[in-house]
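> Structure, please.
(one chain, ligands or ions: 1)
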Amino acid sequence: MIFDIEFETMPREALESIQLRRLQATLERAYATVPFYRKQFEKAGLKPGDIRSLKDLHQVPFTTKQDLRDNYPFGMFAVPMDNVVRIHASSGTTGQPTVVGYTARDVNTWATLMARSLSAGGATRGDIIHNAYGYGLFTGGLGVHYGAEKLGASVIPVSGGNTKRQIVIMRDFGPTILTATPSYALHLAEVAEEMGVSFRDLKFKYGIFGAEPWSEKMRDEIERKLGLVAVDIYGLSEVIGPGVAIECHEAKKGLHIFEDHFIPEIIDPATGDVLPYGQTGELVFTSVTKEAFPVIRYRTRDISALHAEPCICGRTLVRMDKVSGRTDDMLIIRGVNVFPSQIESVLMEMEGVSPHYQLVVDREGNLDTLTVRVEVDEHVFSDEVKRLQDLERRISKNIKEYLGVSAKVKLVEPKAIARSEGKAIRVIDNRKL
Ligand code: DLL
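Numbering: from 1, shown residues only. Down below sits the predicted model:
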């Protein structure tokens with residue numbers, strides 16, 4: 001079902017005229033109320049009134065994560081604290097968290113965007129949503145929660161953790177939609193199995209998974225193990241939280257971006273040049289309806305591409321490719337660029353290998369080394385040493401063949417790699433210590 005048929009199926013021209021009007025209002029307000037944005041305009045010799053077309057936006061300087069850090073905690077807010085009703089923060093992988101604020105109207109906008117997202121992902125008001133995204137400063141839990149209520153579905157605010165209790169709730173309450181990070185969804189399935197509960201006997205129809213990269217192979221594995229249709233949801237705290245983009249369950253091919261609220265661009269991360277549809281680069285977003293925390297050409301560091309082809313679901317919104325990683329996730333191992341998701345794809349091709357893995361990067365002398373630790377199924381692990389070594393060699397050979405990098409592979413027993421209730425930790429880079 002399409003929650004907002006008018007905006008989600010709008011002809012391009014009408015959509016662009018709304019985007020422009022909203023963009024101009026956002027720029028005027030940001031310029032008037034946020035000293036950082038005023039300086040950015042001044043640096044570029046621009047006034048908000050100079051932006052007369054969507055293309056003109058390309059002249060406005062980018063905003064980076066560092067800019068948000070420099071204005072920690074509330075320096076980027078465009079309204080007085082009196083009007084801020086909610087604060088979230090993203091922990092990030094390094095240093096200071098990024099703090100974001102919402103007015104009452106922003107919370108309502110976000111709830112609507114999440115109702116649209118859940119609806120695109122297969123949910124209806126008749127569904128029971130088991131929401132295992134963490135509640136708290138992280139935007140996942142409350143984002144889904146408000147969207148589910150706006151949609152009129154029943155939401156179970158179970159949050160992350162206490163996994164055994166989650167399985168009991170699933171068995172007894174019969175939820176039909178699961179929302180969680182993909183890695184936690186797999187962990188839920190694993191614990192269910194230990195408790196003698198088969199996910200396939202539960203009532204789940206759709207799973208709406210995001211907040212971390214996951215490959216197509218991982219999707220296959222999740223759908224098979226959990227007996228549901230898995231769709232990808234994308235978002236980030238700085239832009240609003242979840243609800244920036246989502247796959248429709250009909251096509252599961254690219255995530256529709258809610259362009260009536262966010263203007264996406266893809267840029268070359270090295271030069272900042274805007275790239276045409278179809279080309280891969282760094283995603284950049286400008287919010288055009290947010291009040292408390294507008295973002296202007298915010299560089300996400302996420303890698304994707306945009307596609308304008310029509311979709312079988314009827315939405316006219318552009319689609320972004322599944323995010324394969326972040327520019328700052330990229331490991332450079334002896335000069336070769338490697339993304340964790342590429343390793344994941346190689347691993348998931350191998351028989352008997354589980355989706356639980358971790359990459360450990362070290363430096364021996366002047367040489368970077370990459371070790372891939374990956375769990376294997378119980379029956380594989382109890383095989384004779386020679387067969388394990390043979391499997392390690394085959395994985396290592398495939399990594400070399402597909403990615404051009406030498407990696408040491410270490411097969412470990414089931415559960416050897418710590419499970420996460422939120423985002424999985426895929427990389428341990430000892431070079432940074
Ligand atoms: O992760 C918001 C969210 C919650 C999205 C629940 C989806 C579901 P942050 O904690 O600020 O916000 O982290 C944002 O996570 O820049 C991406 O690098 C990554 N990310 C989010 N969704 C996806 C996805 C939430 N579907 C950062 N695929 C983003 C890949 C994702 N990466």
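
> for the residue in the stretch 251-400 of the chain positioned nearest to the ligand, what are its contacts?
Among the residues of the stretch 251-400 of the chain, Val323 lies nearest to the ligand; the distance is 3.6 Å by CB to the nearest ligand atom. C-betas here are computed from N, CA, C, even on glycine. The neighbours of Val323, taking CB atoms under 8 Å, 6 or more residues apart in numbering as the test, are Pro213, Tyr234, Leu283, Asp302, Ile303, Ser304.

> Give me the residues contacting the longest helix seen in the chain.
Across the chain, the longest stretch assigned as helix under DSSP state H is helix 12-33. Contact partners of helix 12-33, identified using CB under 8 Å, 6+ apart, comprise 7, 10, 37-38, 41, 47-49, 51, 53-54, 57, 60, 78-79, 259-260, 263, 286-291, 294, 296, 316.

> ok, back up a step: look at the residue of the stretch 251-400 of the chain closest to the ligand and tell me its secondary structure.
Recorded secondary structure, Val323: coil (DSSP: H, G, I helix; E, B strand; the rest coil).

> Then Leu411?
Under three-state DSSP, Leu411 falls in the strand class.

> Could I get the pLDDT score of the closest residue in space to it that isn't next to it in sequence?
Excluding its sequence neighbours, the residue lying closest to Leu411 (CB to CB, 6 or more residues apart in numbering) is Val376, at 4.9 Å. Confidence per residue is given as pLDDT, and for Val376 that number is 94.

> quick one: low-confidence ranges for the stretch 101-250 of the chain?
Per-residue confidence for the stretch 101-250 of the chain (pLDDT under 70) gives no ranges below the cut-off.

> Show me where it has its helices.
Counting by DSSP state H, counting those that start in this stretch, the stretch 101-250 of the chain has these helices, from start to end: 104-120, 139-151, 163-173, 182-194, 216-226.

> Which one, of these, ends up nearest to the ligand?
It is, among the helices of the stretch 101-250 of the chain and with distance given as CB to the nearest ligand atom, helix 139-151, at 3.4 Å.

> And the helices in the stretch 301-433 of the chain?
In the stretch 301-433 of the chain, the segments counted as helices under DSSP H, counting those that start in this stretch are 340-348, 378-381, 385-403.

> Give me the distance between the two termini of stretch 244-257.
Using CA to CA, to the nearest Å, the span of stretch 244-257 from its first residue to its last is 6 Å.

> partners of the residue nearest to Leu411 in the sheet?
Beta-bridge partners of Val376, counted by DSSP bridges, are Val353.

> His356 is in contact with that one, correct?
No - at 9.6 Å, Val376 and His356 do not qualify as touching, with contact defined as CB atoms under 8 Å.

> returning to what we had before: restrict the contacts of Val323 to contacts with the ligand.
Intersecting the contacts of Val323 with the surroundings of the ligand, defined as CB under 6 Å from any ligand atom, gives Pro213, Tyr234, Asp302.

> Show me what from the stretch 1-150 of the chain comes close to the ligand.
Within reach of the ligand by CB under 6 Å from any ligand atom, the stretch 1-150 of the chain has these residues: Ser90, Tyr133, Phe138, Thr139, Gly140.

> Widest-spaced pair of those residues?
Between any two of these, the greatest separation by CB to CB is 13.3 Å, found for Ser90 and Tyr133.

> higher neighbour count, the two?
Taking Ser90 and Tyr133 together and counting by other CB atoms under 10 Å, Tyr133 has the greater number of neighbours (29 against 18).

> And for the closest residue to the more buried one other than its chain neighbours, the neighbour number?
For Tyr133, the nearest residue in space outside its immediate sequence neighbours is Gly140; the separation is 3.1 Å by CB to CB, 6+ apart. The local packing of Gly140 (other CB under 10 Å) involves 28 other residues.

> residue contacts, Gly140?
So, once contact is read as CB under 8 Å, 6+ apart, Gly140 ends up touching Tyr133, Gly134, Thr179, Thr181, Ala211, Gly241, Pro242, Gly422.

> Could you check how far the first one is from Val144?
As for Tyr133, its distance to Val144 is 6 Å (criterion: CB to CB, to the nearest Å).

> list the residues that contact both of those two?
Between them, Tyr133 and Val144 share the neighbouring residues Thr179, Pro242, with contact defined by CB under 8 Å, 6+ apart.

> so who does Trp110 touch?
Trp110 makes contact with Tyr102, Gly143, Tyr146, Gly147, Ile240, Gly241, Gly243 under the criterion CB under 8 Å, 6+ apart.

> Reformat those residues as CSV; add neighbour count.
Putting these into CSV (neighbours: other CB atoms under 10 Å) gives the following:
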residue, neighbour count
Tyr102, 24
Gly143, 28
Tyr146, 22
Gly147, 30
Ile240, 28
Gly241, 26
Gly243, 28
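
> Show me which pair in these is furthest apart.
Tyr102 and Gly147 (13.9 Å).

> returning to what we had before: using TSV, please lay out the helices of the stretch 101-250 of the chain together with distance to Thr327.
TSV is the format used below for the helices of the stretch 101-250 of the chain (distance: least, CB to CB, whole Å):
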stretch	distance to Thr327
helix 104-120	25
helix 139-151	21
helix 163-173	33
helix 182-194	21
helix 216-226	21
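
> circling back to that earlier point, tell me how many other residues crowd the residue nearest to Leu411.
By the other CB under 10 Å criterion, the neighbourhood of Val376 contains 24 residues.

> Mind giving me the ChimeraX select for the ones next to the ligand among the contacts of Val323, buried ones only?
In ChimeraX, a selection of the buried entries from these looks like this (16 or more other CB atoms under 10 Å):
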select :213,234,302
